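Student: need a 3D model of the sequence below.
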Amino acid sequence: MKKKDILLSVLIVFLWGVNFTVIKLGLSGVPSMLLVSLRYLLSTFPAIFFIEKPKTEMKYIVLYGLTVGVGQFSCLFYAMQIGMPAGIASVVLQTQAFISPVFAMIFLNEKLKSRQIIGFIVSAIGLIFIAMASIGDGMNNVPVLAFILMLAAPTFWAVSNIIARIASDKAAAKGEKLNMISMVVWSGLIPPIPMFGLALMFDTPETLLGILTNLSGISIFAALYLAYGATLIGYGIWSILIASYPLNKVAPITLLVPIVALLSARIILTEQLSPLQWIGFIVILTGLAISNANININKFKKDLHFGR
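Tutor: Sure, this is the predicted structure:
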């Protein structure tokens, strides 16, 4: 890589790694569903006025917005709100890298690579360790519901990858190219209303209005960071990298995201993991490394990491 692109790689790892700590900070003052709604409102407007509509049917934009914005992020944010540590959340979310190829095998008739299968098995063992921590080992118990929701989040992400892949293939069949930045921005129109509706299931309109009119500096920073730092700038850099280099050289960069997430959570949130959680974290990360080692995922290069 060129020096400029190495610096961009470092920046994206930082932006996406710190993202999980910022979510925790934001949740301290804003309920999860409302925070997701704010994230998408800010990342969509005014960007949508400057970015052209993606070259795909509206149904794929809607489905992508529902699976990523409503499905993935509602599960992720609520899981973190009720007790999922930021560091663990970051590595469990990355398991979409295994779920996506499984869905591709089922719905797109693609073959699984041996490394993907081995990586999946290794990471599944890591998830078992974290599940054991959910039952309780003393230091930092993870509620069972948080663990279940955290597993649902990468599943929704994987579904969105399949939707993006189908949309990309249909665009290619017409001689066009699906721009994932425009897909992310335009699909951001979908989540705010259903997420605000979900927020009303947990709090009254008066409570939500009170929260919005009394946002703290940390809450405002978190909403802006999630919208512009993690979403627009993060995906902008990612698009530059995958357009410039083979994905098998770029994809392993994301393995550093959970490490940065763990360090930032430890420094800023003073988050500590129990022995079982540490074991699970390391085992899952090992599985991800095995899966990314010399693996051919060209058919996923347009959409494999676009749900974050």
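
Student: now residue 15: closest residue in space, sequence neighbours ignored.
Tutor: residue 234 (4.8 Å; C-beta to C-beta, 6 or more residues apart in numbering). C-beta coordinates here come from the backbone N, C-alpha and C atoms, glycine included.

Student: got it, and residue 52?
Tutor: Residue 52 sits nearest to residue 182 (C-beta to C-beta, 6+ apart), 6.0 Å away.

Student: just confirm the one you found contacts residue 51, I think it does.
Tutor: Yes. With contact defined as C-beta atoms under 8 Å, residue 182 reaches residue 51; the gap is 5.0 Å.

Student: do you know how far residue 97 is from residue 293?
Tutor: According to C-beta to C-beta, to the nearest Å, residue 97 stands 12 Å off from residue 293.

Student: same check, this time on residue 87
Tutor: In terms of C-beta to C-beta, residue 87 sits 23 Å off from residue 293.

Student: who are the packing partners of the biggest helix by length in the chain?
Tutor: For the chain, the longest helix by residue count, based on DSSP state H, is helix 144-173. If you count contacts as 3 or more C-beta pairs under 8 Å, 6 or more residues apart in numbering; DSSP states H and E, helix 144-173 packs onto helix 58-65, helix 73-81, helix 86-93, helix 96-108, helix 114-135, helix 180-187.

Student: check which residues of it are buried.
Tutor: 146-147, 149-168, 171 (16 or more other C-beta atoms under 10 Å).

Student: what's the answer for stretch 69-83, then?
Tutor: Buried-residue list, stretch 69-83, by 16+ other C-beta under 10 Å: 69-81.

Student: hmm, who's touching that stretch?
Tutor: 20, 23-24, 27, 31-33, 35-36, 39-40, 86, 89, 93, 141-143, 145-147, 149-150, 152-154, 156-157, 159-160, 187-188, 190-191, 194-195, 198, 307 (C-beta atoms under 8 Å, 6 or more residues apart in numbering).

Student: one step back: from what I see, the residue nearest to residue 15 and residue 16 are in contact.
Tutor: Yes. Using C-beta under 8 Å, residue 234 is in contact with residue 16, at 5.7 Å.

Student: quick one: which of these two has more around it?
Tutor: Using other C-beta atoms under 10 Å as the criterion, residue 234 and residue 16 rank with residue 16 on top: 25 against 21.

Student: on the pLDDT front, check the more buried one for me.
Tutor: Looking at residue 16, its pLDDT reads 93.

Student: quick one: contacts for it?
Tutor: Here residue 16 is in contact with 230, 234, 254, 257, 260, 308 (C-beta under 8 Å, 6+ apart).

Student: if we ignore the residues flanking it in sequence, what's nearest residue 156?
Tutor: In space, residue 156 is closest to residue 71, 3.2 Å off (C-beta to C-beta, 6+ apart).

Student: phi, psi of that neighbour?
Tutor: Residue 71 has phi and psi values of phi -70, psi -60 when expressed as degrees, to the nearest 10.

Student: separation between it and residue 48?
Tutor: 21 Å.

Student: so how far is stretch 144-152 from its chain's centroid?
Tutor: Its chain's average C-alpha position is 15 Å from that of stretch 144-152, according to C-alpha atoms, centre = their mean, to the nearest Å.

Student: send the alpha carbons of that stretch over as PDB?
Tutor: Provided in PDB are the C-alpha atoms of stretch 144-152 (Å, rounded to 0.1, in the frame of the first residue of the first chain):
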ATOM      1  CA  VAL A 144     -28.600 -13.500  28.200                       C
ATOM      2  CA  LEU A 145     -30.900 -11.200  26.300                       C
ATOM      3  CA  ALA A 146     -27.900  -9.000  25.400                       C
ATOM      4  CA  PHE A 147     -26.000 -12.000  24.100                       C
ATOM      5  CA  ILE A 148     -29.000 -13.200  22.000                       C
ATOM      6  CA  LEU A 149     -29.500  -9.800  20.500                       C
ATOM      7  CA  MET A 150     -25.700  -9.500  19.900                       C
ATOM      8  CA  LEU A 151     -25.900 -12.700  17.800                       C
ATOM      9  CA  ALA A 152     -28.900 -11.400  15.900                       C
END
